[in-house]
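Enquirer: Quick one, fold the following:
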Amino acid sequence: MFSLRKFLTHSLLALGMVHSVGCIAANRFADPLDTPARLTSRSLQTPVWGLAKVGDGRVIGVGPRGHILLSDDQGQSWRQVPSPVSVDLVAAQFPTAVEGWIVGHEGVVLHSTDGGASWVRVLDGRQIGALMTAHYEKQASDRKDPELTQALEDARNFAAEGPTRPFLNLWFRNAREGWLIGQFNLILHTADGGGTWEPWLDRSDNPERYSLHAIRGVGDDVYIVGELGLVLKLTPDGRRFSRVTTPYRGTWFNVFGDASEVVAVGLRGNVWRSRDAGETWAQLGTDAAAGINAGAKLPDGRTVVLPQSGQLLLGPTTGKTFHEVGGTGQPDGGFDLLPLSATEILISGQRGVARVLLHDAAK
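Expert: Below is the predicted model:
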(Lines give C-alpha, C1' and ligand atoms only; values in the text may rest on other atoms or scores of the structure.)
Protein backbone atom coordinates (compact mmCIF):
# COMPACT_ATOMS: atom_id res chain seq x y z
CA MET A 1 0.00 0.00 0.00
CA PHE A 2 1.40 3.39 -0.98
CA SER A 3 2.24 5.63 1.98
CA LEU A 4 2.84 9.31 1.23
CA ARG A 5 4.21 9.70 4.75
CA LYS A 6 6.70 6.86 4.16
CA PHE A 7 7.66 8.19 0.73
CA LEU A 8 8.32 11.69 2.03
CA THR A 9 10.22 10.40 5.04
CA HIS A 10 12.47 8.20 2.95
CA SER A 11 12.95 10.96 0.35
CA LEU A 12 13.96 13.49 2.98
CA LEU A 13 16.38 11.04 4.57
CA ALA A 14 17.90 10.28 1.18
CA LEU A 15 18.31 13.98 0.40
CA GLY A 16 19.82 14.50 3.84
CA MET A 17 22.40 11.77 3.22
CA VAL A 18 23.33 13.18 -0.18
CA HIS A 19 23.67 16.67 1.23
CA SER A 20 25.82 15.45 4.09
CA VAL A 21 28.58 14.29 1.74
CA GLY A 22 31.36 16.85 1.97
CA CYS A 23 29.72 18.67 4.90
CA ILE A 24 31.35 19.04 8.26
CA ALA A 25 30.18 16.90 11.18
CA ALA A 26 28.28 19.80 12.74
CA ASN A 27 25.81 19.72 9.85
CA ARG A 28 24.81 16.09 10.28
CA PHE A 29 21.13 15.18 10.40
CA ALA A 30 19.49 15.87 13.76
CA ASP A 31 16.84 13.24 14.47
CA PRO A 32 13.58 15.04 15.38
CA LEU A 33 12.88 12.24 17.87
CA ASP A 34 15.94 13.38 19.81
CA THR A 35 15.64 17.12 19.16
CA PRO A 36 13.53 19.25 21.52
CA ALA A 37 10.95 21.51 19.92
CA ARG A 38 12.08 25.07 19.38
CA LEU A 39 10.48 27.53 21.78
CA THR A 40 9.12 30.39 19.67
CA SER A 41 6.29 32.91 19.81
CA ARG A 42 5.32 31.75 16.32
CA SER A 43 4.01 28.51 17.83
CA LEU A 44 0.89 30.45 18.90
CA GLN A 45 -0.05 31.10 15.26
CA THR A 46 0.80 27.70 13.76
CA PRO A 47 -1.62 24.79 13.24
CA VAL A 48 -3.02 22.99 16.26
CA TRP A 49 -4.14 19.47 15.40
CA GLY A 50 -5.42 18.19 18.72
CA LEU A 51 -7.06 19.62 21.86
CA ALA A 52 -7.63 18.14 25.30
CA LYS A 53 -8.97 19.24 28.68
CA VAL A 54 -6.65 19.06 31.66
CA GLY A 55 -8.79 19.21 34.79
CA ASP A 56 -10.69 22.45 35.48
CA GLY A 57 -9.73 25.41 33.35
CA ARG A 58 -6.55 24.08 31.76
CA VAL A 59 -6.49 23.08 28.07
CA ILE A 60 -3.67 21.67 25.94
CA GLY A 61 -3.09 21.89 22.20
CA VAL A 62 -0.57 19.96 20.09
CA GLY A 63 0.74 20.51 16.59
CA PRO A 64 3.62 20.41 14.11
CA ARG A 65 7.33 20.25 14.99
CA GLY A 66 6.63 19.09 18.53
CA HIS A 67 4.67 22.17 19.57
CA ILE A 68 2.75 21.86 22.85
CA LEU A 69 0.57 24.78 23.93
CA LEU A 70 -1.05 25.27 27.34
CA SER A 71 -3.89 27.54 28.48
CA ASP A 72 -4.96 28.08 32.09
CA ASP A 73 -8.00 30.21 31.24
CA GLN A 74 -10.00 27.89 28.96
CA GLY A 75 -8.31 29.00 25.77
CA GLN A 76 -8.29 32.78 26.18
CA SER A 77 -4.50 32.92 26.32
CA TRP A 78 -1.79 30.41 25.50
CA ARG A 79 1.86 29.70 26.17
CA GLN A 80 4.24 27.14 24.70
CA VAL A 81 5.75 24.53 27.02
CA PRO A 82 8.92 22.50 26.37
CA SER A 83 8.64 19.34 24.30
CA PRO A 84 11.38 16.67 24.11
CA VAL A 85 10.76 16.04 20.39
CA SER A 86 10.26 18.06 17.21
CA VAL A 87 8.14 15.53 15.32
CA ASP A 88 4.52 16.38 14.53
CA LEU A 89 2.12 15.76 17.43
CA VAL A 90 -1.50 14.99 16.59
CA ALA A 91 -3.57 14.01 19.65
CA ALA A 92 -3.62 14.30 23.45
CA GLN A 93 -5.66 13.07 26.40
CA PHE A 94 -5.61 13.50 30.16
CA PRO A 95 -7.34 10.63 31.97
CA THR A 96 -6.69 12.48 35.24
CA ALA A 97 -6.08 16.12 36.11
CA VAL A 98 -2.31 15.57 36.33
CA GLU A 99 -1.46 12.60 34.13
CA GLY A 100 -1.61 12.97 30.36
CA TRP A 101 -0.48 11.48 27.06
CA ILE A 102 0.40 12.80 23.60
CA VAL A 103 0.96 10.77 20.41
CA GLY A 104 2.32 11.72 17.03
CA HIS A 105 4.35 10.88 13.98
CA GLU A 106 7.25 8.42 13.96
CA GLY A 107 5.49 6.43 16.67
CA VAL A 108 6.20 8.98 19.37
CA VAL A 109 4.47 8.79 22.77
CA LEU A 110 4.90 11.54 25.39
CA HIS A 111 3.82 11.41 29.05
CA SER A 112 3.18 14.11 31.65
CA THR A 113 2.61 13.72 35.39
CA ASP A 114 2.22 17.41 36.25
CA GLY A 115 -0.83 18.51 34.29
CA GLY A 116 1.03 19.11 31.03
CA ALA A 117 3.69 21.53 32.28
CA SER A 118 6.49 19.10 31.39
CA TRP A 119 6.76 16.05 29.13
CA VAL A 120 9.01 13.05 28.65
CA ARG A 121 9.28 10.72 25.66
CA VAL A 122 8.40 7.18 26.77
CA LEU A 123 8.15 5.43 23.39
CA ASP A 124 8.89 5.93 19.72
CA GLY A 125 8.97 3.99 16.47
CA ARG A 126 12.56 2.88 16.99
CA GLN A 127 11.46 0.82 20.00
CA ILE A 128 8.01 -0.28 18.86
CA GLY A 129 9.17 -2.58 16.06
CA ALA A 130 11.45 -4.53 18.40
CA LEU A 131 8.75 -4.59 21.10
CA MET A 132 6.15 -6.02 18.72
CA THR A 133 8.54 -8.50 17.11
CA ALA A 134 9.63 -9.94 20.46
CA HIS A 135 6.00 -10.23 21.58
CA TYR A 136 4.80 -12.07 18.49
CA GLU A 137 7.84 -14.31 18.18
CA LYS A 138 6.99 -15.68 21.61
CA GLN A 139 3.25 -15.86 20.90
CA ALA A 140 3.76 -17.60 17.54
CA SER A 141 6.13 -20.15 19.06
CA ASP A 142 3.70 -20.96 21.88
CA ARG A 143 0.58 -21.21 19.72
CA LYS A 144 0.10 -21.84 16.00
CA ASP A 145 -2.45 -19.34 14.77
CA PRO A 146 -2.73 -17.61 11.34
CA GLU A 147 -3.45 -14.27 12.99
CA LEU A 148 -0.32 -14.51 15.11
CA THR A 149 1.76 -15.49 12.08
CA GLN A 150 0.48 -12.47 10.16
CA ALA A 151 1.00 -10.21 13.17
CA LEU A 152 4.61 -11.40 13.43
CA GLU A 153 5.17 -10.59 9.76
CA ASP A 154 3.65 -7.13 10.25
CA ALA A 155 5.81 -6.53 13.33
CA ARG A 156 8.99 -7.49 11.46
CA ASN A 157 8.05 -5.18 8.59
CA PHE A 158 7.47 -2.37 11.08
CA ALA A 159 10.89 -2.98 12.64
CA ALA A 160 12.58 -3.04 9.22
CA GLU A 161 10.96 0.26 8.17
CA GLY A 162 12.13 2.14 11.24
CA PRO A 163 10.14 5.00 12.80
CA THR A 164 7.93 5.90 9.83
CA ARG A 165 4.44 5.02 11.04
CA PRO A 166 2.50 7.58 13.07
CA PHE A 167 0.16 7.15 15.96
CA LEU A 168 -3.01 9.05 15.07
CA ASN A 169 -5.12 8.90 18.22
CA LEU A 170 -5.41 7.52 21.74
CA TRP A 171 -7.94 6.89 24.48
CA PHE A 172 -7.47 6.03 28.14
CA ARG A 173 -10.33 4.54 30.13
CA ASN A 174 -8.62 5.62 33.34
CA ALA A 175 -5.09 6.28 34.63
CA ARG A 176 -4.03 2.68 34.01
CA GLU A 177 -5.78 1.31 30.90
CA GLY A 178 -5.51 2.84 27.46
CA TRP A 179 -4.96 2.25 23.75
CA LEU A 180 -2.79 3.96 21.13
CA ILE A 181 -3.81 3.57 17.47
CA GLY A 182 -2.31 4.53 14.14
CA GLN A 183 -1.39 3.78 10.58
CA PHE A 184 -1.91 0.31 9.07
CA ASN A 185 -3.71 -1.29 12.05
CA LEU A 186 -1.13 -0.15 14.61
CA ILE A 187 -2.56 -0.74 18.12
CA LEU A 188 -0.82 -0.79 21.48
CA HIS A 189 -2.58 -1.44 24.81
CA THR A 190 -1.47 -0.78 28.37
CA ALA A 191 -3.08 -1.99 31.58
CA ASP A 192 -0.52 -0.49 33.96
CA GLY A 193 -0.40 3.19 33.08
CA GLY A 194 2.25 2.83 30.39
CA GLY A 195 4.61 0.67 32.41
CA THR A 196 4.30 -1.99 29.70
CA TRP A 197 2.71 -2.01 26.25
CA GLU A 198 1.12 -4.98 24.49
CA PRO A 199 0.63 -4.95 20.69
CA TRP A 200 -2.89 -5.76 19.52
CA LEU A 201 -2.22 -6.31 15.81
CA ASP A 202 -3.90 -9.70 16.11
CA ARG A 203 -6.85 -8.43 18.16
CA SER A 204 -8.70 -6.38 15.57
CA ASP A 205 -10.98 -7.54 12.77
CA ASN A 206 -8.97 -5.55 10.23
CA PRO A 207 -7.33 -8.05 7.84
CA GLU A 208 -6.88 -5.30 5.24
CA ARG A 209 -4.75 -3.37 7.76
CA TYR A 210 -6.63 -0.15 7.20
CA SER A 211 -5.31 2.84 9.10
CA LEU A 212 -7.05 3.67 12.38
CA HIS A 213 -7.97 7.32 12.77
CA ALA A 214 -9.85 7.71 16.07
CA ILE A 215 -10.68 5.79 19.23
CA ARG A 216 -13.17 6.84 21.89
CA GLY A 217 -15.12 5.49 24.81
CA VAL A 218 -18.84 5.99 24.20
CA GLY A 219 -21.06 5.00 27.09
CA ASP A 220 -19.89 1.55 28.17
CA ASP A 221 -18.33 0.78 24.77
CA VAL A 222 -15.03 1.60 23.04
CA TYR A 223 -15.05 2.30 19.28
CA ILE A 224 -12.33 2.70 16.65
CA VAL A 225 -12.95 4.21 13.20
CA GLY A 226 -10.67 4.32 10.18
CA GLU A 227 -10.26 3.98 6.45
CA LEU A 228 -12.85 2.72 3.96
CA GLY A 229 -15.80 2.28 6.30
CA LEU A 230 -13.90 0.54 9.09
CA VAL A 231 -15.67 0.63 12.47
CA LEU A 232 -14.46 -1.57 15.32
CA LYS A 233 -15.94 -2.12 18.78
CA LEU A 234 -14.31 -3.60 21.86
CA THR A 235 -15.85 -6.97 22.71
CA PRO A 236 -17.59 -7.40 26.09
CA ASP A 237 -14.64 -9.36 27.48
CA GLY A 238 -12.35 -6.44 26.62
CA ARG A 239 -9.91 -8.60 24.65
CA ARG A 240 -10.58 -7.77 20.99
CA PHE A 241 -11.95 -5.15 18.60
CA SER A 242 -14.65 -6.71 16.40
CA ARG A 243 -15.99 -5.33 13.11
CA VAL A 244 -19.19 -3.26 13.14
CA THR A 245 -21.14 -3.06 9.88
CA THR A 246 -22.32 0.35 8.71
CA PRO A 247 -23.97 1.48 5.45
CA TYR A 248 -21.15 3.94 4.73
CA ARG A 249 -18.00 2.69 2.97
CA GLY A 250 -16.03 5.93 2.97
CA THR A 251 -13.29 6.89 5.38
CA TRP A 252 -14.15 7.88 8.93
CA PHE A 253 -12.19 10.58 10.77
CA ASN A 254 -13.74 10.55 14.24
CA VAL A 255 -16.22 8.93 16.60
CA PHE A 256 -17.92 10.28 19.74
CA GLY A 257 -21.19 10.18 21.67
CA ASP A 258 -22.72 9.37 25.03
CA ALA A 259 -24.75 6.64 26.70
CA SER A 260 -27.68 7.28 24.34
CA GLU A 261 -25.92 7.27 20.96
CA VAL A 262 -22.67 6.87 19.05
CA VAL A 263 -21.86 9.24 16.16
CA ALA A 264 -19.25 8.68 13.43
CA VAL A 265 -18.06 11.42 11.06
CA GLY A 266 -16.04 11.25 7.86
CA LEU A 267 -15.48 12.26 4.25
CA ARG A 268 -17.80 14.47 2.20
CA GLY A 269 -19.84 15.72 5.15
CA ASN A 270 -20.90 12.28 6.31
CA VAL A 271 -22.40 12.01 9.80
CA TRP A 272 -24.03 8.74 10.89
CA ARG A 273 -25.70 7.95 14.20
CA SER A 274 -26.53 4.71 16.01
CA ARG A 275 -28.84 4.56 19.01
CA ASP A 276 -28.57 0.80 19.52
CA ALA A 277 -24.83 0.37 20.20
CA GLY A 278 -23.87 0.10 16.53
CA GLU A 279 -26.50 -2.39 15.40
CA THR A 280 -28.23 0.04 13.01
CA TRP A 281 -27.19 3.44 11.66
CA ALA A 282 -28.99 6.51 10.27
CA GLN A 283 -27.38 9.25 8.20
CA LEU A 284 -27.75 12.83 9.39
CA GLY A 285 -27.95 15.73 6.93
CA THR A 286 -25.19 18.34 6.97
CA ASP A 287 -25.04 19.89 3.45
CA ALA A 288 -21.26 19.91 3.95
CA ALA A 289 -18.99 19.00 1.05
CA ALA A 290 -15.78 18.83 3.07
CA GLY A 291 -14.76 16.00 5.32
CA ILE A 292 -15.68 16.28 8.99
CA ASN A 293 -12.73 15.97 11.34
CA ALA A 294 -14.28 16.23 14.79
CA GLY A 295 -17.48 16.36 16.80
CA ALA A 296 -18.85 16.27 20.32
CA LYS A 297 -22.02 16.18 22.39
CA LEU A 298 -22.74 19.49 24.16
CA PRO A 299 -23.84 19.59 27.79
CA ASP A 300 -27.44 20.32 26.70
CA GLY A 301 -27.59 17.17 24.54
CA ARG A 302 -27.09 18.73 21.12
CA THR A 303 -24.39 17.56 18.70
CA VAL A 304 -21.74 19.77 17.12
CA VAL A 305 -19.43 18.76 14.26
CA LEU A 306 -16.50 20.49 12.58
CA PRO A 307 -15.81 20.16 8.83
CA GLN A 308 -12.33 20.74 7.45
CA SER A 309 -13.56 24.04 6.00
CA GLY A 310 -13.88 25.43 9.54
CA GLN A 311 -17.58 26.27 9.83
CA LEU A 312 -19.40 24.88 12.87
CA LEU A 313 -22.47 22.67 12.34
CA LEU A 314 -25.01 22.17 15.10
CA GLY A 315 -27.59 19.41 15.36
CA PRO A 316 -30.62 19.32 17.68
CA THR A 317 -31.16 16.77 20.42
CA THR A 318 -33.77 15.19 18.13
CA GLY A 319 -34.06 15.22 14.35
CA LYS A 320 -31.64 14.43 11.54
CA THR A 321 -30.42 17.77 10.17
CA PHE A 322 -27.46 19.98 11.06
CA HIS A 323 -27.28 23.69 10.34
CA GLU A 324 -24.38 26.13 10.27
CA VAL A 325 -24.24 28.33 13.33
CA GLY A 326 -23.05 31.90 13.62
CA GLY A 327 -19.97 32.25 15.73
CA THR A 328 -17.07 34.57 16.38
CA GLY A 329 -13.40 33.90 15.93
CA GLN A 330 -13.61 30.79 13.77
CA PRO A 331 -10.11 29.93 12.41
CA ASP A 332 -9.03 28.93 8.92
CA GLY A 333 -9.72 25.22 8.54
CA GLY A 334 -10.98 22.92 11.24
CA PHE A 335 -8.97 20.13 12.91
CA ASP A 336 -10.42 19.59 16.39
CA LEU A 337 -13.00 21.00 18.76
CA LEU A 338 -13.48 21.04 22.50
CA PRO A 339 -16.77 22.13 24.12
CA LEU A 340 -16.35 24.35 27.17
CA SER A 341 -20.10 24.76 27.75
CA ALA A 342 -23.36 24.70 25.77
CA THR A 343 -22.45 28.12 24.32
CA GLU A 344 -18.63 28.15 24.06
CA ILE A 345 -16.40 25.90 21.99
CA LEU A 346 -12.70 25.84 21.25
CA ILE A 347 -11.77 25.13 17.63
CA SER A 348 -8.26 24.38 16.42
CA GLY A 349 -7.25 25.23 12.88
CA GLN A 350 -4.45 26.35 10.60
CA ARG A 351 -3.59 29.40 12.68
CA GLY A 352 -3.99 28.15 16.21
CA VAL A 353 -7.00 27.96 18.50
CA ALA A 354 -10.14 30.12 18.50
CA ARG A 355 -12.85 30.44 21.14
CA VAL A 356 -16.23 30.34 19.40
CA LEU A 357 -19.43 31.75 20.94
CA LEU A 358 -22.61 30.23 19.51
CA HIS A 359 -25.08 32.94 18.52
CA ASP A 360 -28.09 30.65 18.45
CA ALA A 361 -27.29 28.75 21.65
CA ALA A 362 -30.87 29.08 22.88
CA LYS A 363 -32.37 27.15 19.93
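
Enquirer: What segments of this structure are helices?
Expert: Assigned by DSSP state H, the chain shows helices spanning 4-20, 125-142, 146-161.

Enquirer: These: lowest mean pLDDT?
Expert: For these, the weakest mean pLDDT is recorded on helix 4-20, namely a mean of 40.

Enquirer: Quick check: closest non-adjacent residue to Leu306.
Expert: The spatial neighbour of Leu306 that comes closest, neighbours along the chain excluded (CB to CB, 6 or more residues apart in numbering), is Gly334 at 4.2 Å. Any C-beta I mention is one placed from the backbone N, CA and C, and that applies to glycine too.

Enquirer: How much space separates that neighbour from Arg249?
Expert: Distance of Gly334 to Arg249, given as CB to CB, to the nearest Å: 24 Å.

Enquirer: just Asp237 next, same as before
Expert: Distance from Asp237 to Arg249, by CB to CB: 29 Å.

Enquirer: hang on, the earlier thing: neighbour count for Gly334 and Arg249, which is higher?
Expert: Ranked by neighbour count (other CB atoms under 10 Å), Gly334 and Arg249 place Gly334 first, with 26 against 8.

Enquirer: dump the residue contacts of the more buried one.
Expert: Residues in contact with Gly334 (CB atoms under 8 Å, 6 or more residues apart in numbering) are 293-294, 306-312, 347-349.

Enquirer: Enumerate every residue touching Gln308.
Expert: The contact partners of Gln308, by CB under 8 Å, 6+ apart, come to 290-293, 333-335.

Enquirer: Verify the stated contact: Ala191 with Arg176.
Expert: Yes - using CB atoms under 8 Å, Ala191 is in contact with Arg176, at 6.2 Å.

Enquirer: Where does pLDDT dip in the stretch 1-150 of the chain?
Expert: Flagging of the stretch 1-150 of the chain using pLDDT under 70 yields the residue ranges 1-27.

Enquirer: in it, which spans are strands?
Expert: In order along the chain, the stretch 1-150 of the chain carries the following strands (DSSP state E, counting those that start in this stretch): 50-54, 58-62, 68-71, 79-81, 89-93, 100-104, 109-112, 120-123.

Enquirer: Nearest to Asp221, out of those strands?
Expert: With CB to CB as the criterion, Asp221 lies closest to strand 89-93 of the strands of the stretch 1-150 of the chain, at 17.2 Å.

Enquirer: Show me what the closest one packs onto, helices and strands only.
Expert: For strand 89-93, the elements it packs on are strand 50-54, strand 58-62, strand 100-104, strand 167-172, judged by 3 or more CB pairs under 8 Å, 6 or more residues apart in numbering; DSSP states H and E.

Enquirer: elements contacting the third one?
Expert: Okay, so that is strand 100-104. For strand 100-104, the elements it packs on are strand 50-54, strand 58-62, strand 89-93, strand 109-112, strand 167-172, strand 178-182, judged by 3+ CB pairs under 8 Å, 6+ apart.

Enquirer: Quick check: which of those is nearest to Asn254?
Expert: The nearest among the helices and strands packed on strand 100-104, by CB to CB, is strand 167-172 at 8.5 Å.

Enquirer: hang on, the earlier thing: list buried residues within the contacts of Gly334.
Expert: Burial by neighbour count, 16 or more other CB atoms under 10 Å: within the contacts of Gly334 this picks out 293-294, 306-308, 310-312, 347-349.

Enquirer: Tell me how far Val103 lies from Leu186.
Expert: Distance of Val103 to Leu186, given as CB to CB: 10 Å.

Enquirer: what do those two both touch?
Expert: Common neighbours of Val103 and Leu186 (criterion: CB under 8 Å, 6+ apart): 167, 180.

Enquirer: Give me the number of neighbouring residues for Val259.
Expert: Residue 259: Ala, not Val. Neighbour count of Ala259, defined by other CB under 10 Å: 9.

Enquirer: typo on my end, it should be Pro95
Expert: Burial of Pro95 is recorded as 18 neighbouring residues (other CB under 10 Å).

Enquirer: Contacts only, for it.
Expert: By CB under 8 Å, 6+ apart, the neighbours of Pro95 are 101, 172-175, 178.

Enquirer: switch the cut-off to 7 Å
Expert: 172, 174-175, 178 (CB atoms under 7 Å, 6 or more residues apart in numbering).

Enquirer: circling back to that earlier point, select, out of the helices and strands packed on strand 100-104, the one closest to Gln283.
Expert: Nearest to Gln283 among the helices and strands packed on strand 100-104 is strand 167-172 (23.4 Å), distances taken as CB to CB.

Enquirer: List of residues touching the closest one?
Expert: 90-91, 93, 95, 101, 103-104, 107, 109, 178-183, 186, 212-217, 222.

Enquirer: Name every strand pairing with that strand and say which way it goes.
Expert: When pairing is defined by DSSP bridges, strand 167-172 lines up against strand 178-182 (antiparallel).

Enquirer: The strand it pairs with vs strand 89-93, what angle?
Expert: 160 degrees (axes from the mean of the first three to the mean of the last three CA atoms, to 10 degrees).
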